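Enquirer: How does the following fold in three dimensions:
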Amino acid sequence: MVKGSRRRAPRLGQNFLVDRVVCERIVDWAGARGRSVVEIGPGQGALTEPLLERVDRLSVIEIDRDL
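Expert: Numbers count the residues shown, from 1 in each chain. Got it, this is the predicted structure:
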């Protein structure tokens, strides 16, 4: 589950996922199991955690310095 809370930055078009079931479904749908993945804008890690359980390699790129 996503820890803490943060105000989104509208200029970055941020929307934070918080529902673990939805995150799991997104990751399953992406078919990333056993692959190398680049996650753009990992935010608070809602997708990062389930991705780490499935992929061989994960690189993340975040431009929001507050995250």
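Enquirer: Buried residues of the longest helix anywhere in the chain, list them for me.
Expert: The helix spanning the most residues in the chain, taking DSSP state H as the definition, is helix 20-30. Under the neighbour-count criterion of 16 or more other C-beta atoms under 10 Å, helix 20-30 has 23, 26-27 buried. For glycine as for every other residue, the C-beta is placed from the backbone atoms N, C-alpha and C.
Enquirer: Now render these as TSV, adding distance to Gln14.
Expert: Output for these, formatted as TSV (distance: C-beta to C-beta, whole Å):
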residue	distance to Gln14
Cys23	16
Ile26	16
Val27	19
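Enquirer: Switch the residues you listed over to JSON lines, and while doing so, append distance to Ala46 and pLDDT to every line.
Expert: Below are the buried residues of helix 20-30 laid out as JSON lines (distance: C-beta to C-beta, whole Å; pLDDT from 0 to 100):
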{"residue": "Cys23", "distance to Ala46": "5", "pLDDT": "93"}
{"residue": "Ile26", "distance to Ala46": "9", "pLDDT": "94"}
{"residue": "Val27", "distance to Ala46": "10", "pLDDT": "94"}
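Enquirer: between those, which is nearest Gly13?
Expert: Here the nearest of the buried residues of helix 20-30 to Gly13, counting by C-beta to C-beta, is Ile26; it sits at 17.4 Å.
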